[in-house]
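J.: only the shape, not the letters, is given here:
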C-alpha cells in the first residue's frame, strides 16, 4: 500500500467496520456457547480478591491474550478487546491510522494480578494490536498480589468463587500452614461449608483432648486427618473421572455427607476409602456405573422370588468394609 491519505482512510474505515462486526458475531457465539464475553473490572477483582501490595515492575513485553480486563473501560470492549460502543470509533481509527503510517506509539499501562492484566491506559492500542494479529504488546506494568490463582479464563462466576476462596484463606491461614494446598470448587458456597467443617472439627478435637484447641491447630488437623485422606482416596480410585466438570473439593463435601449417612445406617465409621467407593458406585453418572446399578437392582428384585429359603436375608444390604479391614 502506498502511503497516501485516501488509501489509508479507506483501510482505516474498513478495519473499524470489520472490528465492530466481529464484536457482534463474537457476542452471539459467546452467548450460545456460554463463554465469557465481557472484560473483567479491575475494581471488582481488587475488591473480591483483596488485591494488595501494588508495586511498579517497569517495562514488559506482555502476551496480549492475557489482557482480559480494564480499570474503567470494561464496557467499551469485549473479551477479545474488539470495540463494542460507537463512541470508540474516532480513537480506534486514530490508533489504526498511526499503525498504518508506522508511527511509534507509547507503551500501554497495565495492572497485573496473577497471570492476567488489566488496562489502565491504552485500551484502543490493545484493541487495534490484537485485532491486527499481534501476540505481544509493550507495556508499563504495576504488579499486584492476590492469595488465589488468577488465570486468563477467569469468568464472573469464577471470580465469585475465587472471592470466597480468598475469604476462606484469610480466615484459616491454610495457604500459610499448608503451602501446597489447592482447594477448588466448581460452584459457589463450598468454602463456607469447609469453614463449618473446621469449626465442628475444632469442637470435637477440644473434647477429645480436654483442652481448648486453637484455630490454627484445628485447621491443620482438619486438613491432614479429614480432607487429605478423602482426596487421596479420590485420586487412588480415580473417582473424579466419574463426575466430569467437578473438583476434588466438590467430591470431598459429597463424600463426607455420604460417609455420615453410612455411619448412621451401619452404626460405624466405614472410613474415607469405603465411603468414596460407595459414593461413586451409587451416584456416578458414567454409563458403566449406571448399568452396574441397574443390574444390581434387578438382581435384588429377582432373588427373593427364587423360592430359596433365606434368600430374602441374602438380599439385605451389607455395610461397606471398615477402613483397615
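T.: Nice, I can see it. Quick caveat, the model's predicted, so the values are computed rather than measured. Numbering: from 1, shown residues only.
J.: which element follows the biggest strand by length in the chain toward the C-terminus?
T.: Taking DSSP state E as the criterion, the chain has its longest strand at strand 52-63. Reading on from strand 52-63 to the C-terminus, the next helix or strand found by DSSP states H and E is strand 67-70.
J.: next, the buried residues of the helix or strand following that next one.
T.: Next along the chain after strand 67-70, taking DSSP H and E as the criterion, comes helix 89-100. For helix 89-100, a neighbour-count test (16 or more other C-beta atoms under 10 Å) marks 91, 92, 93, 95, 96, 97, 99, 100 as buried. In this view, the C-beta of every residue, glycine as well, is placed from N, C-alpha and C.
J.: next secondary structure after helix 89-100?
T.: Counting by DSSP H and E, what follows helix 89-100 is strand 108-113.
J.: what comes up buried for that next one?
T.: Neighbour-count burial for strand 108-113, counted by 16+ other C-beta under 10 Å, picks out 108, 110, 111, 112, 113.
J.: hang on, the fourth one packs against residue 141?
T.: Yes. Counting by C-beta atoms under 8 Å, residue 112 does reach residue 141; the two are 5.3 Å apart.
J.: point out where this protein drops to low pLDDT.
T.: Counting by pLDDT under 70, the chain contains low-confidence ranges at 1-4, 285-325.
J.: ranges for the strands of it?
T.: For the chain, the strands defined by DSSP E cover 40-41, 52-63, 67-70, 108-113, 116-121, 136-145.
J.: format those strands as a markdown table; extra columns: distance to residue 161.
T.: Shown next, in a markdown table, are the strands of the chain (distance: least, C-beta to C-beta, whole Å):
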| stretch | distance to residue 161 |
| --- | --- |
| strand 40-41 | 14 |
| strand 52-63 | 20 |
| strand 67-70 | 17 |
| strand 108-113 | 16 |
| strand 116-121 | 16 |
| strand 136-145 | 19 |
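J.: for the ones you listed, which one sits closest to residue 212?
T.: strand 52-63 (31.7 Å; C-beta to C-beta).
J.: tell me who's in contact with the closest residue to residue 115 other than its chain neighbours.
T.: Using C-beta to C-beta, 6 or more residues apart in numbering and skipping the chain neighbours, the partner closest in space to residue 115 is residue 151 (5.2 Å). If a contact means C-beta atoms under 8 Å, 6 or more residues apart in numbering, then residue 151 has 114, 115, 116 as its contacts.
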